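Participant: got a sequence here, can you model it:
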Amino acid sequence: MMGSSFIFVLILLLSLLPWSHSFYGALPPDLKKKGDTVEVMVNKLSSIRSQLSYDYYFLKYCKPPVIINSSLSLGQALRGDRIKNSVYSFKMREDEYCKVACRVELDANSAKKFKEKIDGEYKVNMILDDLPVAVPIYVHALKIYRQGFVVGMKGHYVRDKEERHFIYNHLRFKVIYHEDPDTDYAHIVGFKVTPYSVNHKYKEWNGEKTKLTTCQRSANFYIGGRYSIQEIHTNEEVVFTYDVSFESSNIKWESRWDAYLYQGDDPMHWSSMVNSLIIVLFLSGVVAMVVMRTLYKDITNYNQLETQVEETGWKLIHGDVFRPPANANILCVFVANGVQVFGTVLFTIAPALLGFLSPSNKGGLITAMVLLWMFMGLFGGYSSARLYKMFKGTQWKKIAFKTAFMFPATFFGTFFMLNTFIWGEKSSIAVSFGTMFSLLLLWFGISVPLVFVGSYLGFKMQTIEDPVNTNEIARQIPVRAWYNSKMVLSVLIGGILQFGPVFIEFFFIWTCIWMDQFFYSFGFLLISFAILLVTCCEIAILLCYFQLRSEDYHWWWRPYLTAGSSALYMFAYSIFYFFTKLDIEKSASAILYFGYTLMGSFAFFVLTGTIGFYACFWFVRKIYSSVKFD
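Facilitator: Prediction:
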């Protein structure tokens, strides 16, 4: 039954996949006419070899007379964006060649910073008309685009063993536009760059540098070419120049992000989905045959009026199965936080699938997740109070306080310690005090009050009645076989069965986060989330049924830990990913990686644990309400 429902949901989700690349959730900017000024904005310096990003002007690049900071969303501030104006300015559809941006003399400190960022493979990020600058590259004969261009390169002169650093000081921009068929106006639909290293030379007249001799506008080439590149030396002048050309294209504004989002991984995505579907169908068959068929037989025998059937197995412990568990308050809090995470994930994926949280809406995804978490406090408080009252709790304010502070305080404390560490590294990814204060204001101004309101409403609701009465004296649990008595073993087995079907999607997410790529496969993400939901429910129900059959009524915590143990494999895979896919050398970046991974794994634990708990909660109540007791 669960398997057929899942197939129906899967078909519905598959039908939505084409939507994920068709709309980017933002209104088009104003049309540009020929001669209009378009300004290039600069963003942070980032690298896949380091999780520490830096401000663009951390290096001694050309600066405008006045540096203006663009207003940022909460999501942009949290991910370390620092968007500012620059000296690069174009006239729409007017080509320029070898235009001098500035001349900079590098002192010892500036030259050292440039060399360090070249060693770290840092990239320069620029933005034009909300499009990031892209460099076309070829991977297995497939042309894809990567945002940003590297600061420079390392190499050797002929017959020279010393490694030298060369800066990319000339940028050849190409702006692609789509012309309106009815007017002379156009939309910018592409922004590409090809960086060069050119050792520019000037013609001098009366001791003054008057004209560049290393490039000619009419010939459109550099004199000396690749044999004249700009090496980084202390106290040497570097001339920064740029070209810009405009190219008409049939690409419409609605499709201009396709070049950035397409990574050529759809076949791998589809194969992983098929494999995951096979695993889910297999689990559904096991649950249907082993659990449902056996249960149907047991319930039929127990409910026969003509025959007196001896109580055995799961029916024998009906007087203890709803006995409140140890640390019931903590369980209520963990379940409530899982409800918040579940609601946040679900209501983030849904609008993202329709394009409302696309990369064009910079920082929108992170902002939406933070705000949704805050507003989901209402449902978290409600669910914790309902469980707490069912466990015969009486102090709803106490459980509301724990729900409002336990999980968020753990997250915020870890985030604050990591942020303090980043401040010491002078990285732009460090969150400012203003942003930290805004997060605290959202927490105490939205989340905490909603948790208390939800707890009040939940506690006022009628108590959830157990389908059977609980005995006053607890029944002794018989000695069981070693594989039934070892809770750790069953928990670990359940975790790997849940993480297996979704680890490919986890790989794509991790690659986009740590490899500085755009993630936009929300259709696949929603399918993976549905698969995770089904596997968590089925594994938790299956193992819970085996536990009840062995006459062990301490089931409350086990489904939570069984489903939540998939977070252990998530963290273990993150360690494997760190050593096999990333090329991080600095300890600061490693600390950030494992710190944020630990936070993500904890969130994944409460999410999957809550799913498993509620699945078993429904299952246990269902089977015991189906049997007639004396």
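
Participant: other residues contacting the longest strand along the chain?
Facilitator: For the chain, the strand with the greatest residue count under DSSP state E is strand 236-248. Outside of strand 236-248, the residues within contact range by C-beta atoms under 8 Å, 6 or more residues apart in numbering are 61-62, 88, 90, 92-106, 167, 169-179, 186, 190, 198, 200, 202, 212, 215, 230, 232. Any C-beta I mention is one placed from the backbone N, CA and C, and that applies to glycine too.

Participant: please repeat the previous calculation with a cut-off of 6 Å.
Facilitator: For strand 236-248, contacts defined as C-beta atoms under 6 Å, 6 or more residues apart in numbering pick out 62, 90, 93, 95-105, 169-176, 179, 200.

Participant: point out where the protein drops to low pLDDT.
Facilitator: Residues of the chain meeting the criterion pLDDT under 70: 1-30, 139-142, 157-160, 204-210, 216-227, 262-269, 301-312, 480-486, 628-630.

Participant: so which elements touch the top helix by length along it?
Facilitator: Using DSSP state H to assign secondary structure, the helix with the most residues in the chain is helix 587-624. Here helix 587-624 is seen to pack against strand 50-54, helix 328-353, helix 522-549, helix 557-564, helix 566-580 when contacts are counted using 3 or more C-beta pairs under 6 Å, 6 or more residues apart in numbering; DSSP states H and E.

Participant: contacting residues around Arg621?
Facilitator: Pro467.

Participant: which residues sit against whichever helix or strand comes after the longest strand of the chain?
Facilitator: Per DSSP states H and E, the first helix or strand lying C-terminal to strand 236-248 is helix 258-261. The contact list for helix 258-261 (C-beta under 6 Å, 6+ apart) reads Tyr145, Phe518, Tyr520.

Participant: leaving out the residues flanking it, which one is nearest to the first one?
Facilitator: If the residues on either side of it in the chain are set aside, Tyr145 comes closest to Ala134, at 4.0 Å by C-beta to C-beta, 6 or more residues apart in numbering.

Participant: was I right to think that neighbour contacts Val193?
Facilitator: No. Judged on C-beta atoms under 6 Å, Ala134 makes no contact with Val193 at a distance of 7.4 Å.

Participant: domain ranges for the chain, per the record?
Facilitator: 1-24+265-322+480-630, 28-256, 326-465 (automatic domain parsing).

Participant: for the ones you listed, which one sits closest to Asn471?
Facilitator: Asn471 lies closest to domain 1-24+265-322+480-630 among the domains of the chain, at 3.7 Å (C-beta to C-beta).

Participant: from the chain's centre, how far out does the closest one sit?
Facilitator: Its chain's C-alpha centre and that of domain 1-24+265-322+480-630 lie 20 Å apart, by C-alpha atoms, centre = their mean, to the nearest Å.

Participant: then stretch 324-342?
Facilitator: Put simply, stretch 324-342 sits 24 Å off its chain's centre (C-alpha atoms, centre = their mean).

Participant: for stretch 133-148, same thing?
Facilitator: Using C-alpha atoms, centre = their mean, the offset of stretch 133-148 from its chain centre is 22 Å.

Participant: next up, phi/psi of His170, please.
Facilitator: phi -120, psi 130 (degrees, to the nearest 10).

Participant: measure it to Lys143 for me?
Facilitator: 23 Å (C-beta to C-beta, to the nearest Å).

Participant: now Ala590
Facilitator: Taken as C-beta to C-beta, the span from Ala590 to Lys143 is 33 Å.

Participant: now Glu163
Facilitator: Glu163 is 31 Å from Lys143, by C-beta to C-beta.

Participant: which residues in the stretch 151-300 of the chain form helices?
Facilitator: 258-261, 266-286, 293-302 (DSSP state H, counting those that start in this stretch).

Participant: what's the most buried one of those?
Facilitator: helix 258-261 (a mean of 18; mean count of other C-beta atoms under 10 Å).

Participant: quickly list what Leu212 is bridged to.
Facilitator: For Leu212, the beta-bridge partners under DSSP bridges are Tyr202.

Participant: and it, how many residues sit next to it?
Facilitator: 19 (other C-beta atoms under 10 Å).

Participant: hmm, back to that, bridging residues for the residue nearest to Tyr145?
Facilitator: Beta-bridge partners, per DSSP bridges, of Ala134: Gln147, Lys192.

Participant: more neighbours: His170 and Lys143, which one.
Facilitator: His170 (22 against 11).

Participant: in this structure the more buried one contacts Ser197, no?
Facilitator: No. Applying C-beta under 6 Å as the test, His170 and Ser197 come out as separate, 7.3 Å apart.

Participant: for the closest residue to Ile232 other than its chain neighbours, give me its contacts.
Facilitator: Distance criterion C-beta to C-beta, 6+ apart; nearest residue to Ile232, sequence neighbours excluded, is His165 at 4.6 Å. Residues near His165 by C-beta under 6 Å, 6+ apart: Lys115, Ile118, Lys154, Ile232.

Participant: if you set the cut-off to 10 Å instead, what comes out?
Facilitator: Listed by C-beta atoms under 10 Å, 6 or more residues apart in numbering, the contact partners of His165 are 111, 114-119, 151-155, 197, 230-233.

Participant: which among those residues end up buried?
Facilitator: Those of those that meet the buried threshold are Ala111, Phe114, Lys115, Lys117, Ile118, Asp119, Val151, Gly152, Ser197, Gln230, Ile232, by 16 or more other C-beta atoms under 10 Å.

Participant: and which of those is nearest to Phe379?
Facilitator: Lys117 (45.7 Å).

Participant: distance of the closest one relative to Val151?
Facilitator: For Lys117, the distance to Val151 - C-beta to C-beta - is 5 Å.

Participant: what touches both of the two?
Facilitator: Leu45, Ser47, Leu59, Lys123, Val124, His165, Ile167.

Participant: and the helix or strand harbouring Ser86, what's buried?
Facilitator: Using DSSP H and E, Ser86 sits within strand 84-91. Neighbour-count burial for strand 84-91, counted by 16+ other C-beta under 10 Å, picks out Lys84, Asn85, Ser86, Val87, Tyr88, Phe90.

Participant: check which helices and strands that strand sits against.
Facilitator: Judged by 3 or more C-beta pairs under 10 Å, 6 or more residues apart in numbering; DSSP states H and E, the packing partners of strand 84-91 are strand 37-47, strand 96-106, strand 123-128, strand 170-179, strand 236-248.

Participant: could you dump those into CSV and include distance to Ser574?
Facilitator: Putting the helices and strands packed on strand 84-91 into CSV (distance: least, C-beta to C-beta, whole Å) gives the following:
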stretch, distance to Ser574
strand 37-47, 19
strand 96-106, 39
strand 123-128, 23
strand 170-179, 36
strand 236-248, 40
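
Participant: minimum distance to Pro408: which of these has it?
Facilitator: strand 37-47 (27.6 Å).

Participant: what's the closest one packed up against?
Facilitator: Using 3+ C-beta pairs under 10 Å, 6+ apart, strand 37-47 sits against strand 50-54, strand 84-91, helix 108-119, strand 123-128, strand 170-179, strand 186-196, strand 236-248.

Participant: neighbouring strands - and their directions - for it?
Facilitator: By DSSP bridges, strand 37-47 pairs with strand 50-54 (antiparallel), strand 84-91 (antiparallel), strand 123-128 (antiparallel).

Participant: show me the one of those that comes nearest Ile509.
Facilitator: strand 50-54 (15.8 Å).

Participant: counting contacts, what elements does whichever helix or strand comes after the closest one pack onto?
Facilitator: Per DSSP H and E, the first helix or strand lying C-terminal to strand 50-54 is helix 74-78. With contacts taken as 3+ C-beta pairs under 10 Å, 6+ apart, helix 74-78 sits against helix 364-375, helix 433-442.

Participant: since that was my last question, I'll sign off now.
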